[in-house]
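# Following is a predicted model, sequence given first.
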Amino acid sequence: MQWNRFVAIGDSFTEGLGDVAPNGGHQGWADRLAATMAAQDPGVQYANLAVRGRKLDEIVTVQLPRALAMSPALISIGGGINDAMGPRWDLLRSKKVLETGVIAARSEGIDVLLFAFGDVSRRSKALGAVSSRLRDYREVIHSVAEEHGCFLVDFWDERIFDDQRFWADDRLHLNDLGHERVAAMVATTLGLGQFDSRHPLPPAPALTNRDVLISNAKWTSQHLLPWVGRHLRGRSSGDGIDAKRPQFDTIEPDLALR
């Protein structure tokens, strides 16, 4: 299957944080997917409206109408983790918001791609507190995807992503290797080809206890404490950030999966 117009909406996962481009910007799985589509059809048009820190309400009420106005053939909706990490998590409301967005897209004949996120407790005790919320949200996403005929990529049982080498220094966002693997999973799910996303990296050198302590201290000071500070002040990492690809454009196939 091939789509000639693809719009990605969501938060930092779809914006591509952690996958740094040569120009200092961010690439990410969606750029890599679009490049793979372009390698098969150079006329593919791609836009990315995702902005870091955005919650489901903002994704569905702000980004989605802009996406629908562009009359895409395929929309990806990735969001909900920022909601789950907040102090007031409302699963039923998240389901209602997500389903409203999906219905709006499907009613116009647009194919929709959804994501069920992974079990963060397997790789981070600090993030384990939201694991049960993501598990419940996963069930919601499966239900919505099945009822409305959406494509679904589910990371819950994908233990390959438990390897910290797929993650950026902040431990929240995938790095270039991680985004490449996600793009491979998505491309396979969409029927664009068979791409290997599950082969593990070579064994990593063993870390000493001192290495672990230094790494954890660095992460706490550089990432955890600033994140807590922003949330206490009601700020978001996405404040003042605009979409990186707000209009349709072609994309070069240099990031295409092989």
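Thanks, I have the structure now.

# where exactly do the helices run in the stretch 151-258 of the chain?
176-189, 209-219, 225-232 (DSSP state H, counting those that start in this stretch).

# Buried deepest among these, which one?
helix 176-189 (a mean of 22; mean count of other Cβ atoms under 10 Å). Backbone N, C-alpha and C define where each C-beta goes, glycine included.

# roughly how far is it from the heart of the chain?
Offset of helix 176-189 from its chain centre (Cα atoms, centre = their mean, to the nearest Å): 10 Å.

# Quick check: which ranges of the stretch 101-250 of the chain have low pLDDT?
Within the stretch 101-250 of the chain, the ranges that satisfy pLDDT under 70 run 126, 219, 223-224, 227-228, 231-233, 238.

# How are the strands of it distributed by residue range?
Counting by DSSP state E, counting those that start in this stretch, the stretch 101-250 of the chain has these strands, from start to end: 111-116, 151-154, 245-249.

# which strands and helices sit next to the second one?
What it means is strand 151-154. Packing partners of strand 151-154 (3 or more Cβ pairs under 8 Å, 6 or more residues apart in numbering; DSSP states H and E): strand 111-116, helix 131-148, helix 176-189.

# Am I right that Ala8 is in a helix?
No - using DSSP: H, G, I helix; E, B strand; the rest coil, the assignment for Ala8 is strand, not a helix.

# Tell me the bridge partners for it.
Beta-bridge pairing of Ala8 under DSSP bridges involves Asn48, Ser76.

# And it, how far from Leu113?
9 Å (Cβ to Cβ, to the nearest Å).

# So between these two, which is more surrounded?
Ala8 (30 against 21; other Cβ atoms under 10 Å).

# quick one, what contacts that one?
Thr14, Ala30, Ala34, Tyr46, Ala47, Asn48, Leu49, Ala50, Ile75, Ser76, Gly78 (Cβ atoms under 8 Å, 6 or more residues apart in numbering).

# Name the member of these with the shortest distance to Asp239.
Of all the contacts of Ala8, Ala50 has the smallest distance to Asp239: 15.2 Å, by Cβ to Cβ.

# and the residue nearest to Gly149 when sequence neighbours are not counted, how far is that from Leu74?
Using Cβ to Cβ, 6 or more residues apart in numbering and skipping the chain neighbours, the partner closest in space to Gly149 is Arg106 (6.9 Å). Arg106 sits 12 Å away from Leu74, taking Cβ to Cβ as the criterion.

# Overlap of the contact sets of these two?
Val112.

# Show me which of these two is the more surrounded one.
Under the criterion of other Cβ under 10 Å, the comparison of Arg106 against Leu74 puts Leu74 first, with 23 against 16.

# residues contacting the residue nearest to Gly149?
Val112, His148, Gly149, Cys150.

# Now for the first one: which residues touch it?
By that I understand Val112. Contacts of Val112 (Cβ under 8 Å, 6+ apart): Leu74, Ile75, Ser76, Ile77, Val102, Ala105, Arg106, His148, Cys150, Phe151.

# Thought Asp41 was touching Ala256, still the case?
No - with contact defined as Cβ atoms under 8 Å, Ala256 does not count as touching Asp41 (11.5 Å).

# Looking at these two, which has the bigger crowd around it?
Ala256 (18 against 11).

# List the residues that contact the more buried one.
Neighbours of Ala256 in contact, by Cβ under 8 Å, 6+ apart: Arg32, Ala35, Thr36, Ala38, Ala39.

# Same check on Gly80?
So Gly80 contacts Leu56, Ser94, Leu98, Phe117, Tyr137, Ile141 (Cβ under 8 Å, 6+ apart).

# Repeat that for His148.
Glu99, Val102, Ile103, Arg106, Val112.
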